[in-house]
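Trainee: sequence and predicted structure are below.
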Amino acid sequence: MRHLRLAWRQLVTEPGYSAVTILGLAAGFATCFALLAYVTLSFSYNRHVPAAHEVYAVKQHMNLTGKPGWFEVVPMPLLRVAEQSGMTQAAVLAIPANASVRTPSGVLQVKMLTVSPGFPQVFGVAAAEGDLARALARPDGVALTYRAALKALGTRAALGKVLHIDGKTLTVMALLADPPAASALQYELVNSLDSVLMPQEYRAHMEDSWGMIAGYLYVRLAPGIAPVDFTAHLQRTFDHSPLRQELPPDLVQKLGSRKMADLALTPLTDLYFDASLEGRPGSSPHGDRAVVIGLGLVGVLVLALAVANYVNLAAVRTTRRQPEIVLRKVLGASAFRLAGQLLAEALLVAMVATTLGLLLVWLMLPALSGMLDRPLDQAMPPAAILAALAVGIVTGLLAGLYPLWIALDMRPATVLAMRRDLEPRGGLWLRRALTVLQLTVAMGLTAATLAIAWQARFASSADPGFDVAPLLTVELPRELWLGPQGRQFRDALRRLPHVRGVAFCENAVGQRFAGQNGPIRRLGGPETVLVSRNVSADFFQLYGVEALAGRTFDPKIERDDVPTTVMLNRAGALALGFPSAQAAVGGLVSFEHGGKQLTARVIGIAPDLRHESLRETPQPMFYRNALGASVLTIRTDGDMRELERQAAELFGKFFPDDVPRMRPAASYLTDHYAQDMRLASLLGAASLVAILLSAFGIYVLSAYNVQRRAREIVLRKLYGAGRAAIARLLGREFAVLLVLGAVIGLPPAALAIRAYLASFTDHAPVAGWTLLGAAAIAVLVALAATARHTIAALRATPAAVLKT
């Protein structure tokens, strides 16, 4: 405690040094702790589930659809197969959705999870109050989390209270703890498949449909059952399901040795990092393991830069305290006592910086949660705070070792005789190495940030095939797609001022959507499966899209109730076996619609609109003019905000029990790259911290160099050296450090950029300008950081320097 009191007095007497040192370390700690909080959250997903190693998620790889790949959503009949297999302790089908709850103050949305009875057994969920099994057994029963109870009813004592959801009355029969942030299933309201909120005809259709995706399927395997054996059982059952018998011979022949769909299991604890599901429509939150680990390493590197700055500052400060330190040695201070004092100073600085860093993290976490789209605002439990303080203590002790080495190496006779070097042999090289480390990290991070931000901007602004600026989308309640209210709402929107058209579409262009996929046959040709889209007859006119060949749908000709004509995109025409897109116009195709086999004429070829991100090639697709669609798209020539306000008012009149879900059409396209923009923002913040820390490190090293070479500089001046020669002398060392930093840091950055861009089918002309840009920024930072001491050296007079 005595050492700490003396250390505190030292910090108070040198406020400038203390502020710079503590703030630099605090910035490093804050960046490191914030990124490690994200890493910790990512690696803790679903680990709260009791005996989580027994729980697996079922996924399927669709081989029949026009959009191949792994999907987390599976057909509902697989639930019955899992429950009756004798190989599971429990199984649950979970269907996430939004529910509109009417309250005295209006209508609000809650996250609803519709589940089968096995939900409590699979996820270990128990009611905090009430009876969860009873809530799932009764059609009018629901379970609420405490957070939802407060939001919807204004009280946590909600047991037995009545809720009005989507125009129906339900009773709260169980109250649940809020699910952890790191949970694959986020919910505020839980109801059953038998609930009045689930249309029974829709459920009956899902129960019998092997080709229709329904929800997430999770199973808790019985003891001794290997995942591979259970997967084989699911696969055999699916292979011999009625879906196989319903397939036309052409599709069976096209499949060849492949299965209709490949099934697989993913351990619940590994589900978050399942790369095959990341970014897939209908998937729960997923992350990239390499990116998460990389961000953790970035946090550690930024902390290392901050510690390097502290070491540099502490070393300079220690050399300036040589008279004090050797005088203490002369007066009998032991090495142990001297070490205790200097380590106490380092420990105090580190602890103050750690505390300030934790405060900064606490202030940053809400913003960081929005940046990363992850619930980090509650990621500071007591255990994490204690761990952070422990890291601060260890960091402080380690950072204090080098200044301690300098102090212990000081010899009183040499110092008092004024015959001394400023630090031990090799110390200068260590500090140069630390500066190179700072430049390496700063340049590498800056180059990667520039490349990711440039590509994300390029992808977000890539031409989707139509003008998105004047388009606003409104999602309709599912049960009202085809009802008169939906059409009346459309007609009312058309009468608004500045509205130039309203069209139905199954989903907005660019919207993440698993898609409806159905067999379609060119008459006289083979049958294949294409992604289908239901659109109204004025869809293409509203989007301003012209046909590549033939014509688009025309509301004056087509009727929206019976799809007698279709349009293909270019990829769809080729997939159906037409020799070219133009040759498909006028051809006849056959497909199923509304339980009937229809024959329609191809009237035109649509461009390959950007339904997907630039990471995927356009899928073969056909459009049919039918109103089985849930999205209205509005075109306006007026103010978008005013249109949103007017549309929301109309929505409330037609659908009083629902919350309007509307957004600009452009937002669906940018959603594809939201994760890239978040990564660029995060790396940009880390790069800025790294640049500032490297600038400060160069500043300190520049000050030390001018101090160390002061006599050499003035002697050169006495022998006729000009200002340019002195500037070159001082700048030569930093030029070498910059080159070393570029040689070490830029090649790994180039490899990382190449790997990132390889995931895109089209990318911006990045070339090498991001590397040159990062190097240029480093040069500017070095010039700015060395300018003050270089100017001081140029102005120094021989008399003033030699006198001291």
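Mentor: Arrived safely. Numbering: from 1, shown residues only.
Trainee: neighbours of the nearest residue to Arg156 once chain neighbours are set aside, how many?
Mentor: Of all residues not flanking Arg156 in the chain, Tyr146 sits nearest, at 5.1 Å (CB to CB, 6 or more residues apart in numbering). Just so you know, the C-beta spots here come from the backbone N, C-alpha and C atoms, and that holds for glycine as well. Neighbourhood size, Tyr146 [other CB atoms under 10 Å]: 18.
Trainee: cool, and Gln438?
Mentor: For Gln438, using other CB under 10 Å, the count is 30.
Trainee: how about the one 4 residues further on?
Mentor: Around Ala442 there are 30 other residues, counting by other CB under 10 Å.
Trainee: one more: Ala290?
Mentor: Neighbours of Ala290 (other CB under 10 Å): 12.
Trainee: assumed it was part of a helix.
Mentor: Yes: assessed with DSSP: H, G, I helix; E, B strand; the rest coil, Ala290 lies in a helix.
Trainee: tell me the pLDDT of it.
Mentor: According to the prediction, Ala290 has pLDDT 86.
Trainee: picking up where we left off before, got the confidence number for the residue nearest to Arg156?
Mentor: For Tyr146, the predicted pLDDT is 94.
Trainee: thought it was touching Ala128?
Mentor: Yes: using CB atoms under 8 Å, Tyr146 makes contact with Ala128 at a distance of 7.4 Å.
Trainee: any shared contact partners between those two?
Mentor: Leu175, Leu176, Ala177 (CB atoms under 8 Å, 6 or more residues apart in numbering).
Trainee: just to revisit the earlier point, give me phi/psi at the residue nearest to Arg156?
Mentor: phi -60, psi -40 (degrees, to the nearest 10).
Trainee: cool, and Arg610?
Mentor: On the backbone of Arg610 - angles per degrees, to the nearest 10 - the values are phi -80, psi 80.
Trainee: which residues does the residue nearest to Arg156 contact?
Mentor: Contact partners of Tyr146, counting by CB under 8 Å, 6+ apart, are Ala128, Arg156, Leu175, Leu176, Ala177, Asp178.
Trainee: any idea how many residues pack against the fifth one?
Mentor: This points to Ala177. 12.
Trainee: and Asp239, what does it touch?
Mentor: Lys259, Met260.
Trainee: buried residues in the top helix by length along the chain?
Mentor: Among the segments of the chain that qualify as a helix by DSSP state H, the longest is helix 335-372. For helix 335-372, a neighbour-count test (16 or more other CB atoms under 10 Å) marks 338-358, 360-362, 364-365, 368-369, 371-372 as buried.
Trainee: that helix packs against which elements?
Mentor: Packed against helix 335-372 by the contact rule (3 or more CB pairs under 8 Å, 6 or more residues apart in numbering; DSSP states H and E) you find helix 2-13, helix 15-43, helix 289-320, helix 322-330, helix 382-399, helix 401-409, helix 674-708.
Trainee: state the distance from the residue nearest to Arg156 to Pro179.
Mentor: For Tyr146, the distance to Pro179 (CB to CB, to the nearest Å) stands at 11 Å.
Trainee: show me the contacts for the residue nearest to Ile22 when sequence neighbours are not counted.
Mentor: Residue nearest to Ile22 in three dimensions, not counting chain neighbours: Ala353, with 4.9 Å by CB to CB, 6+ apart. By CB under 8 Å, 6+ apart, the contact list for Ala353 reads Thr21, Ile22, Leu23, Gly24, Leu25, Ala26, Gly28, Phe29, Gly392.
Trainee: try 6 Å
Mentor: Ile22, Leu25, Ala26, Phe29 (CB atoms under 6 Å, 6 or more residues apart in numbering).
Trainee: again, but for Val349
Mentor: Here Val349 is in contact with Thr21 (CB under 6 Å, 6+ apart).
Trainee: Pro104: which of the shared contacts of Tyr146 and Ala128 is nearest?
Mentor: Leu175 (20.3 Å; CB to CB).
Trainee: who does the closest one form a beta bridge with?
Mentor: Glu129, Leu144 (DSSP bridges).
Trainee: quick one on the thing from earlier: turn the shared contacts of Tyr146 and Ala128 into TSV, columns for pLDDT and distance to Ala787.
Mentor: Below are these laid out as TSV (pLDDT from 0 to 100; distance: CB to CB, whole Å):
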residue	pLDDT	distance to Ala787
Leu175	95	64
Leu176	95	61
Ala177	94	58
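Trainee: with distance to Gly486 added, can I get those in a markdown table?
Mentor: Converted to a markdown table, those look like this (distance: CB to CB, whole Å):
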| residue | distance to Gly486 |
| --- | --- |
| Leu175 | 36 |
| Leu176 | 34 |
| Ala177 | 38 |
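Trainee: dump the residue contacts of Val190.
Mentor: By CB under 6 Å, 6+ apart, the contact list for Val190 reads Leu113, Ala143.
Trainee: so how far is Ala799 from Gly628?
Mentor: 92 Å.
Trainee: I meant to write Phe33 there.
Mentor: 51 Å.
Trainee: compare these two (neighbour count), which wins?
Mentor: Taking neighbours as other CB under 10 Å, Phe33 and Ala799 compare with Phe33 leading, 28 against 8.
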